[in-house]
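In: Here is the input, now give the coordinates:
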Amino acid sequence: MMFVLGLTGSIGMGKSTTAATFRAEGIVVHDSDAVVHALYTGAAAAAIEAAFPGTVRDGVVDRGLLGAKVLDDPAALARLEAIVHPLVAESRAAFLTEAAKKGEQIVVLDIPLLFETGLDRDVDAVVLVTASETVQKERVSKRPGMTPEHLAVILERQMRDAEKRARAHFIIDTSGDLAATGRQVRGILRALAGAKNKF
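Out: Alright, predicted model coming up:
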């Protein structure tokens, strides 16, 4: 039976690095953000342009223009999610079907808003990636175009880290170096290999 791990974490917590570490350990990962990026250059572009005129250039969604239209507008964000989320769900389902066919023992679903969207109910266990608030803000401040105001809006959409910690089965603290993250990932994989029952 294939074990499905949900990987999540707030912005700037080191989730992408942790996902890469799982891959380095031979675990296949479905990256929701990467799927969205691909959709913005293909399958979802026409529908997004129809819903948000002027946000697509040469067949590719301009993330800056789109972000400006939805960031402070919950209704607009809901319209965007109604377009994108079903397509991501299709990709995720196809990934799980293919992984099961290949006999994968453990797979990872990298989903930024795992708890917020209720998708934690669809996985066998949740891995939360976290770091200190200081480290988080330092990382996020280095992102192009990021402002304290923009960060505040993003964090408002995300469940508080403390609540995520309380609900996760495993916690990876990425405040340290890559080697420390790797040790934590391998510890989780050892625990799952030794577990006889699902969570």
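
In: Would you list the phi and psi of D31?
Out: phi -100, psi 110 (degrees, to the nearest 10).

In: these two touch, right, it and A20?
Out: No. Using Cβ atoms under 8 Å, D31 makes no contact with A20, being 9.8 Å away. (Glycine included, C-beta is placed from N, CA and C.)

In: And the two? Which one has more around it.
Out: Taking other Cβ atoms under 10 Å, D31 and A20 do not tie; D31 has more neighbours (22 against 16).

In: Distance check, that one against P53.
Out: 29 Å (Cβ to Cβ, to the nearest Å).

In: And the strands in the chain, which stretches?
Out: 3-8, 28-31, 56-57, 60-61, 106-110, 125-130, 170-173 (DSSP state E).

In: can you pull the contacts of V4?
Out: For V4, the contacting residues are L96, V107, L109, D122, V123, D124, by Cβ atoms under 8 Å, 6 or more residues apart in numbering.

In: what's in contact with the helix-or-strand element of the chain with minimal mean pLDDT?
Out: Lowest mean confidence among the helices and strands of the chain (mean pLDDT, DSSP states H and E): helix 148-157, at a mean of 74. Counting contacts by Cβ under 8 Å, 6+ apart, the residues outside helix 148-157 that touch it are S10, I11, L71, D72, L113, E116, K137, V140.

In: Can you tell me which of the residues you listed is nearest V36?
Out: L113 (11.4 Å; Cβ to Cβ).

In: Now the least confident helix or strand of the chain: buried residues?
Out: Neighbour counts using 16 or more other Cβ atoms under 10 Å place L151, L155 of helix 148-157 among the buried residues.

In: Same question for stretch 37-57.
Out: L39, Y40, A44, A45, A47, I48, E49, A51, F52, T55, V56.

In: sorry, back to before: which one of the strands of the chain lies closest to G187?
Out: strand 170-173 (8.5 Å).

In: Residues touching the closest one, excluding its own?
Out: 14, 18, 125-131, 165, 180-181, 184-185, 188, 191.

In: picking that back up, in JSON lines: the buried residues of stretch 37-57, plus pLDDT and distance to V84.
Out: Formatted as JSON lines, the buried residues of stretch 37-57 follow (pLDDT from 0 to 100; distance: Cβ to Cβ, whole Å):
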{"residue": "L39", "pLDDT": "95", "distance to V84": "6"}
{"residue": "Y40", "pLDDT": "95", "distance to V84": "9"}
{"residue": "A44", "pLDDT": "94", "distance to V84": "6"}
{"residue": "A45", "pLDDT": "94", "distance to V84": "11"}
{"residue": "A47", "pLDDT": "95", "distance to V84": "9"}
{"residue": "I48", "pLDDT": "96", "distance to V84": "8"}
{"residue": "E49", "pLDDT": "95", "distance to V84": "13"}
{"residue": "A51", "pLDDT": "95", "distance to V84": "10"}
{"residue": "F52", "pLDDT": "95", "distance to V84": "12"}
{"residue": "T55", "pLDDT": "94", "distance to V84": "13"}
{"residue": "V56", "pLDDT": "94", "distance to V84": "14"}
